[in-house]
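Trainee: Have a look; sequence and predicted model below, questions after that.
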Amino acid sequence: MTTKVDFHCHTQASDGSLSPQELIDLAVKKTIGCLAITDHDTTAGYQQVVDYANTQGLELISGVEISALWQNRTVHIVGLNFSVNNASLQALLTRIRALRWQRAEAINQRLQQRGHPCMLDELTTLVADRVVGRPHIAQILMSRQYVNSINQAFDKFLKQGRTGFVTADWPSLEDVVSAINEAGGQAVLAHPGKYKLTSRKLNGLLTDFKAAGGTGMEVVTQKFASSEAIGMADRAKRHQLMASVGSDYHGPEQTWRQLGALAQLPAGVTPIQQAWLTKACY
């Protein structure tokens, strides 16, 4: 029987709603054999529970989801199975976390210019020692009753073209992939269908990603087999990239995403876990 895996999920260390230990407990409950915690721009969640996961019989590999720029567009690169003690990678993550706060402050300033009260004190308290993200700003907008949901906050204030949209000067795709490779890991393009690129543009992204040293791409991101997954598998083969699977789980409130609830990879692709050849991942 194939071991259940999930190589893309989040904890309270970034924008997930479960603590790292709660996530491990959920993974064990769901009989997941191999998991990667991929918090945004931090490895803190992984580091908190790597020993605990081992006591629970769960193979936890290192992971992170890093923001990068490709042709002035934000894309996300998942790093897997790398050395968390690599100084260059950790320096890059520290720089990106600072950029996140700069963006949050700029969003606050834009909203203030439109008459909204300053939210920086509230944001600092809400985020605490976690990685700040736009969902935290959305939570404050909800608490102030400007919107009824996180999605509505993005639609009304935070997405491109809205008052609170601010671009961030993330590191380049090449720099992010290089840092993951230097740390001994595998760079995986996260949720390629989410960027709403034309087929030609997506092929261009995959070509540049492969040229930069990228190892894989997420092929399966949903519970049920889909034409999108088949198409992504074809692209993975065409660009000679390994295939990863990830739910992008953030917590039980997102009922449409469940940890480890992922369809089988389409035939003919090479699973990303073959890059580290651990028994529990098969």
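Mentor: The structure has been received and is ready for your questions.

Trainee: my guess is Leu197 meets Leu206, correct?
Mentor: No: between Leu197 and Leu206 no contact is recorded; they are 9.9 Å apart, counting by C-beta atoms under 8 Å. Where C-beta positions appear, they are placed from N, C-alpha and C, glycine not excepted.

Trainee: So these two - more neighbours on which side?
Mentor: Counted by other C-beta atoms under 10 Å, Leu197 and Leu206 do not tie: Leu206 has more neighbours, with 22 against 18.

Trainee: Now for the residue lying closest to the more buried one once chain neighbours are set aside, how many residues are close by?
Mentor: Counting by C-beta to C-beta, 6 or more residues apart in numbering, His239 is the residue found nearest to Leu206 once chain neighbours are left out, at 4.6 Å. Here the neighbour count serves as a burial measure; for His239 (other C-beta under 10 Å) it reads 18.

Trainee: List the residues that contact His239.
Mentor: His239 is in contact with Asn203, Leu206, Thr207, Phe209, Lys210, Met217, counting by C-beta atoms under 8 Å, 6 or more residues apart in numbering.

Trainee: What is the nearest of those to Thr38?
Mentor: Nearest to Thr38 among these: Met217, at 14.2 Å, using C-beta to C-beta.

Trainee: so what secondary structure elements neighbour the helix or strand harbouring that closest one?
Mentor: Counting by DSSP states H and E, the element that carries Met217 is strand 216-220. Using 3 or more C-beta pairs under 8 Å, 6 or more residues apart in numbering; DSSP states H and E as the contact criterion, the elements in contact with strand 216-220 are strand 186-189, helix 227-238, strand 242-245.

Trainee: wait, which of those is closest to Asn151?
Mentor: For these, the distance to Asn151 is smallest for helix 227-238, at 20.9 Å, taking C-beta to C-beta.

Trainee: Next, the closest residue in space to Asp39 that isn't next to it in sequence: secondary structure please.
Mentor: If the residues on either side of it in the chain are set aside, Asp39 comes closest to Ser14, at 3.8 Å by C-beta to C-beta, 6+ apart. Using DSSP: H, G, I helix; E, B strand; the rest coil as the criterion, the local structure at Ser14 reads coil.

Trainee: Make 11 the starting number, not 1.
Mentor: From this message on, residue numbering opens at 11, which makes the last subject Ser24.

Trainee: what's around Ser24, how many residues?
Mentor: When neighbours are counted by other C-beta under 10 Å, Ser24 registers 26.

Trainee: ok, it to Thr48 distance?
Mentor: 9 Å (C-beta to C-beta, to the nearest Å).

Trainee: intersection of neighbour lists for the two?
Mentor: Where contact means C-beta under 8 Å, 6+ apart, the residues bridging Ser24 and Thr48 through contact with each are Glu75.

Trainee: Kindly list the longest helix within the protein.
Mentor: Scanning the chain for the longest helix, with DSSP state H as the assignment, gives helix 97-123.

Trainee: before we move on, the earlier item: any chance of CSV for the helices and strands packed on strand 226-230, columns mean neighbour count?
Mentor: As requested, the helices and strands packed on strand 226-230 are exported to CSV (neighbours: other C-beta atoms under 10 Å):
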stretch, mean neighbour count
strand 196-199, 28
helix 237-248, 17
strand 252-255, 24
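
Trainee: Let me have those in TSV, extended by distance to Phe92 and mean pLDDT.
Mentor: Below are those laid out as TSV (distance: least, C-beta to C-beta, whole Å; pLDDT from 0 to 100):
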stretch	distance to Phe92	mean pLDDT
strand 196-199	8	98
helix 237-248	21	96
strand 252-255	14	98
